[in-house]
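In: 3D model of this:
(one chain, ligands or ions: 1)
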Amino acid sequence: MIQPIENSYNVLTIKSDFPILSQTHQTGKPLTYLDNAASSQMPISVIDALSDYHRRYHANVHRGIHQLSELATEGYESARKKVRDFIHAKSKREIIFTKGTTEGINLVVNAWGRANLGAGDVILLSQMEHHANIVPYQMLASEKGFIVRYIPITDKGEIDMDAYQRLLTDNPVKLVGVTHCSNVLGTINPITEMARLAHEAGAIIVIDGAQSAPHMPIDVQVLDVDFFAFSGHKMCAPTGVGVLYGKQALLEAMPPFLGGGSMISEVTFDGFTTGELPAKFEAGTPNIAQAIGLGYAMDYLNGIGLDNIHHHIKTITEYALDRLSELPHIIIYGHSPNRGGVISFTLGDIHAHDLSQALDFEGIAVRSGHHCAQPLHRLLGIPATTRASFYLYTTKADIDRLVEALYKISTFFVSKR
Ligand SMILES: *Cc1c(COP(=O)(O)O)cnc(C)c1O
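Out: Numbers count the residues shown, from 1 in each chain. Below you'll find the model as predicted:
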């Protein structure tokens, strides 16, 4: 494996690949984009690939025996191979294209869950989950009567591993659902170990990879997870495409989720038989352009190197943590040393929405609210936080601008009081 060499990482060159980032904000100030945990931006190579598809070979896949359809099918299936290699899956049959992380988890819950979870069964989620990794389970639990328990987190914002082990042995747990990296606390969870423990207890493990797949090398075989869901739009690809990885044996054994074209082998007026993987889980016309775009996004990320990207994000996050903690009245949530590129905070008693609005007047894009993790915010005892989130193109200058703006805003709000 190539060791990251800091000097070879030219963040300004990388940033110049993203046309949207060189814009001027409507205030006339430069744009500082720190909302990457919600959606990242697209490099020119991805924008060009989407345009090329639409100009040259847009057609429906898999069905047509004509040139455009064949080209579109080739593009779509080659994107699948890129995904397989990106996450080191064994086979492209294990790669299901979805709309995003949310749809991937809903697929697991409705296909695997519906077939395997019943009254009295227990599943474990963590207290730091995104709504996408809670609500689908709650919906099915209310129908099937299984029990959802939550793995507590520590004061640092890490999974309480002792409590996890206790919860695993106390109950016949069937499934563990956990995020690889928290979109609020930034914590990167010890997935390999959690997967090993889940398997020892006879449970499967489903990973929400929305915040990890964009930021670090992923090897689903080393992690040994059963399902792993992520979204394209957080990793330099367009919206509307995501991936569900599943171990082949599990995917083969479970019933389909959505019914319709492509997912069948044969249909009669009386019934149907399901098609082969991965088509079995891709009913209807897929998001062809977006999937091709995701393949190009992965080419782009590979070109820089996921190790290098991970290293850059770690460096920039440490720098941001240092600089932000200079601010009086700031409270940062999440103190795991093992963390990704998100920092959630409150500043005195300035309302999170006022704060992000004031930052927008400075040309700085962040996010405020509960970040789709209301139960976690309730646990932290706060209604909302402001979140700055970083990516491969985030510079120290971006962080400096954020910190300066926060100084200015806090002075303003304090003097008004
Ligand atoms: C963004 C996000 C999701 C949801 O992703 P979608 O692309 O909106 O489906 C789920 N979990 C985490 C941790 C996220 O950050």
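
In: Helix or strand for Thr102, just tell me which one.
Out: Using DSSP states H and E, Thr102 maps to helix 101-107.

In: Which positions in that helix come out as buried?
Out: With burial defined by 16 or more other Cβ atoms under 10 Å, the residues of helix 101-107 counted as buried are Thr101, Thr102, Glu103, Gly104, Ile105, Asn106, Leu107. No exception for glycine: its C-beta is placed from N, CA and C like everyone else's.

In: Please give me every residue in contact with the closest residue to Asp226 other than its chain neighbours.
Out: Leaving aside its sequence neighbours, Asp226 sits nearest to Ile204 (Cβ to Cβ, 6 or more residues apart in numbering; 4.2 Å). Counting by Cβ atoms under 8 Å, 6 or more residues apart in numbering, Ile204 touches Trp112, Lys174, Leu175, Val176, Ala198, Asp226, Phe227, Leu250.

In: helix or strand for the second one, which one?
Out: If you go by DSSP H and E, Lys174 is part of strand 173-179.

In: what's the average pLDDT for that strand?
Out: Across strand 173-179, the average pLDDT comes to 98.

In: do stretch 400-409 as well
Out: 97.

In: What of stretch 10-22?
Out: pLDDT averaged over stretch 10-22 gives 97.

In: Close to the ligand as well: tell me which of the buried residues of helix 101-107 qualify.
Out: Within the set of these, contact with the ligand (Cβ under 6 Å from any ligand atom) is found for Thr101, Thr102.

In: Of the buried residues of helix 101-107, just say which sits nearest to Arg401.
Out: For these, the closest approach to Arg401 (Cβ to Cβ) belongs to Thr101, at 29.8 Å.

In: tell me which element the closest residue to Met216 other than its chain neighbours falls in.
Out: In this structure, Met216 finds its nearest non-sequential neighbour in His310, 4.2 Å apart by Cβ to Cβ, 6+ apart. His310 is part of helix 306-324, with elements assigned from DSSP H and E.

In: and that helix, how far from the chain's centre?
Out: The chain centroid and the centroid of helix 306-324 are separated by 18 Å under Cα atoms, centre = their mean, to the nearest Å.

In: buried stuff in that helix?
Out: Here helix 306-324 shows 306, 308-317, 319-321, 323-324 as buried, counting by 16+ other Cβ under 10 Å.

In: still on that earlier bit, between the contacts of Ile204, which is closest to the ligand?
Out: Phe227 (13.5 Å; Cβ to the nearest ligand atom).

In: Surely the closest one is in contact with Met254?
Out: No. In terms of Cβ atoms under 8 Å, Phe227 does not count as a neighbour of Met254; the distance is 10.2 Å.

In: Between the two, which has more neighbouring residues?
Out: Phe227 (26 against 20; other Cβ atoms under 10 Å).

In: how about the residues of the stretch 201-350 of the chain near the ligand?
Out: Going by Cβ under 6 Å from any ligand atom, the residues of the stretch 201-350 of the chain near the ligand are Asp208, Ala210, Gln211, Ser231, Gly242.

In: mind running it again at 5 Å?
Out: The stretch 201-350 of the chain has residues Asp208, Ala210, Gln211, Ser231 near the ligand, with proximity defined as Cβ under 5 Å from any ligand atom.

In: pLDDT weak spots in the stretch 51-200 of the chain?
Out: Along the stretch 51-200 of the chain, no part satisfies pLDDT under 70.

In: all strands of it, in order?
Out: Secondary structure of the stretch 51-200 of the chain, counting by DSSP state E, counting those that start in this stretch: strands at 95-98, 122-126, 147-151, 173-179.

In: if we can go back for a sec, so which other helices or strands are in contact with the helix holding Thr102?
Out: Packing partners of helix 101-107 (3 or more Cβ pairs under 8 Å, 6 or more residues apart in numbering; DSSP states H and E): strand 95-98, strand 204-208, strand 227-231, strand 242-246.

In: Note down every partner strand of the last one and its orientation.
Out: The pairing partners recorded for strand 242-246 under DSSP bridges are strand 95-98 (antiparallel), strand 227-231 (antiparallel).

In: Check those for me and report the most buried one.
Out: A comparison of the strands paired with strand 242-246 by mean neighbour count, using mean count of other Cβ atoms under 10 Å, puts strand 227-231 on top with a mean of 28.

In: neighbouring contacts of that strand?
Out: If you take Cβ under 8 Å, 6+ apart as the criterion, strand 227-231 is touched by 87, 98, 100-101, 104-105, 108, 112, 180, 204-210, 212-214, 218, 220, 241-247, 250.

In: With stretch 350-365 instead?
Out: Against stretch 350-365 from outside (Cβ under 8 Å, 6+ apart): 24-25, 27, 29-35, 346-347, 366-369, 383-386, 401-402, 405-406, 408-410, 412-413.

In: Which of the residues in it are classified as buried?
Out: Per 16+ other Cβ under 10 Å, stretch 350-365 contains these buried residues: Ile350, Ala352, Leu355, Ser356, Ala358, Leu359, Glu362, Gly363, Ile364, Ala365.

In: Now find how far off-centre whichever strand or helix holds the third one is within its chain.
Out: Assigned by DSSP H and E, Leu355 belongs to helix 352-361. In terms of Cα atoms, centre = their mean, the centre of helix 352-361 is found 25 Å from the chain centre.

In: what's the average pLDDT for that helix?
Out: Here the average pLDDT along helix 352-361 is 97.

In: Leaving out the residues flanking it, which one is nearest to Asp398?
Out: Going by Cβ to Cβ, 6+ apart, Asp398 has Thr32 as its nearest residue, at 4.8 Å.

In: Let me know how buried that neighbour is, in neighbour terms.
Out: 24.

In: Equivalent analysis for Gln248, please.
Out: 14.

In: same thing with His180?
Out: For His180, using other Cβ under 10 Å, the count is 26.

In: now it, nearest residue through space, not along the chain?
Out: Ser212 (3.6 Å).

In: Assign a three-state SS to that neighbour, would you?
Out: Under DSSP: H, G, I helix; E, B strand; the rest coil, the three-state class of Ser212 is coil.

In: Might one say that it is in contact with Val342?
Out: No. Ser212 is not in contact with Val342 according to Cβ under 8 Å; the separation is 11.5 Å.
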